[in-house]
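Chemist: following is a predicted model, sequence given first.
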Amino acid sequence: MADDSGIKVNSEVKDGAVIISPEGDVDLSRSPVLRNSLRQAQNAKPKRLIVDLGLVDYMDSSGVATLVEALQIARRNNTRMVLCAMKDRVRSIFEIARLDTVFTIAGSRDAAMTV
Amino acid sequence: MSERCMTAPQVTSNPAPDLKLQMISDPVYLSGAREMDASVSRRLGFNEEACGQIALAVDEALCNVIRHGYERRRDGPIWLSVWPIPGENGQTGTAAGIRIVVEDEAKQVDPAQIKSRDLEEIRPGGLGVHIIRQVMDEVSFEKRDTIGMRLTLVKRKPKDGTQSCCGSDNCSNAGGA
């Protein structure tokens, strides 16, 4: 069995917001790592959860599904969840899936702190 | 990528593919498969957006085989075959499009039952087929003769030279490799 743990997910807290920043491609082999990081961050029921996708070059529907699941949990917890800094080719999959209007999407991390 | 002895399928009614990849149903190999498809598409003259769309469609197709066909078993065989669609002068570099066939030995399902979920329903999963149909020009699922499924994907270059639209009403770009 091959090793599929090749994704880095950074986590930090700033002004009461939890910021999750995955790096690299988020596909079927790697989305479980992002899912675990999001679940861990959401256990504390933060007021704001920011997912900074600025270092994600590629995302498939498994990555999108991971974020939809996190959004559902955030809504239950009254957490404001914001995606930010998406590259065009990552944003396109949200558009194809018609989820670009479901998520709150900010251009930058700073904007995600206030939107 | 597997060294085990498996009998590669012959795709009916097509000549031998220009390129054929055999892999096992381990998600770790998805990146290699989509990068191969994006790279070949680029050499066939597709623009970057279209290359990203083709790679995304192949990735989603392989994910479906792994998740639903093999139910996440990591040792099932998958074959990816590629043919250029000849252009007017018959040269590969000026191909009119690309045909990609994904075959497996997973459980068979009625092609009529392979549908995308209602996009109005916001829930995780069920988007793969929708994405494939949005970014490719032709999508055809069929049962193989004895075991497994065959998915044929076709992407053509537009005759006017523009290659940006994925068919979605509001899509502005494409998935990348």
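Modeler: Received the coordinates, thanks.
Chemist: in the host helix or strand of A:Val9, what counts as buried?
Modeler: Using DSSP states H and E, A:Val9 sits within strand A:8-14. Using 16 or more other C-beta atoms under 10 Å in any protein chain shown as the test for burial, strand A:8-14 gives A:Val9. Where C-beta positions appear, they are placed from N, C-alpha and C, glycine not excepted.
Chemist: and that strand, what does it pack against?
Modeler: Under the contact definition 3 or more C-beta pairs under 8 Å, 6 or more residues apart in numbering or on different chains; DSSP states H and E, strand A:8-14 sits against strand A:17-23, helix A:31-43.
Chemist: chain B contacts on chain A?
Modeler: Contact residues, chain A versus chain B (C-beta under 8 Å from any C-beta of the partner chain): A:1-4, A:25, A:27-29, A:57-62, A:64-66, A:68-69, A:71-72, A:87-93, A:95-100, A:102.
Chemist: show me the helices in the chain, by range?
Modeler: In the absence of a named chain, this looks at chain A. Counting by DSSP state H, chain A has helices at residues A:31-43, A:61-77, A:88-96, A:109-114.
Chemist: let me rephrase: I mean chain B.
Modeler: Using DSSP H, the helices found in chain B span residues B:30-43, B:48-64, B:128-135.
Chemist: dump these to TSV, plus mean neighbour count.
Modeler: Formatted as TSV, the helices of chain B follow (neighbours: other C-beta atoms under 10 Å in any protein chain shown):
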stretch	mean neighbour count
helix B:30-43	20
helix B:48-64	26
helix B:128-135	24
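Chemist: what would the ones you listed look like in CSV with distance to A:Lys8 and mean pLDDT?
Modeler: Below are the helices of chain B laid out as CSV (distance: least, C-beta to C-beta, whole Å; pLDDT from 0 to 100):
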stretch, distance to A:Lys8, mean pLDDT
helix B:30-43, 15, 95
helix B:48-64, 21, 96
helix B:128-135, 26, 95
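Chemist: one step back: can you list the strands that the strand holding A:Val9 pairs with?
Modeler: When pairing is defined by DSSP bridges, strand A:8-14 lines up against strand A:17-23 (antiparallel).
Chemist: where along chain B do the strands fall?
Modeler: For chain B, the strands defined by DSSP state E cover B:19-24, B:77-85, B:97-104, B:138-143, B:149-156.
Chemist: wait, which of the ones you listed is closest to chain A?
Modeler: Taking C-beta to the nearest C-beta, strand B:19-24 is the member of the strands of chain B nearest to chain A, at 8.9 Å.
Chemist: got any ranges where the chain has weak pLDDT?
Modeler: Since no chain was named, I'll use chain A. Applying pLDDT under 70 to chain A flags residues A:1-5.
Chemist: to clarify, I was referring to chain B.
Modeler: When residues are selected by pLDDT under 70, those of chain B lie in B:1-14, B:90-93, B:160-177.
Chemist: am I right that B:Ile98 is in contact with B:Lys155?
Modeler: Yes - here B:Ile98 reaches B:Lys155: they are 5.4 Å apart, a contact under C-beta atoms under 8 Å.
Chemist: what touches both of the two?
Modeler: Shared contacts of B:Ile98 and B:Lys155, defined by C-beta atoms under 8 Å, 6 or more residues apart in numbering or on different chains, comprise B:41, B:46, B:54.
Chemist: now do the contacts for the last one.
Modeler: When contacts are counted by C-beta under 8 Å, 6+ apart, B:Ile54 is found next to B:37-38, B:41, B:46, B:98, B:100, B:135-136, B:153, B:155.
Chemist: same for chain A: which of these are within range?
Modeler: Within the contacts of B:Ile54, those near chain A by C-beta under 8 Å from any C-beta are B:Val135.
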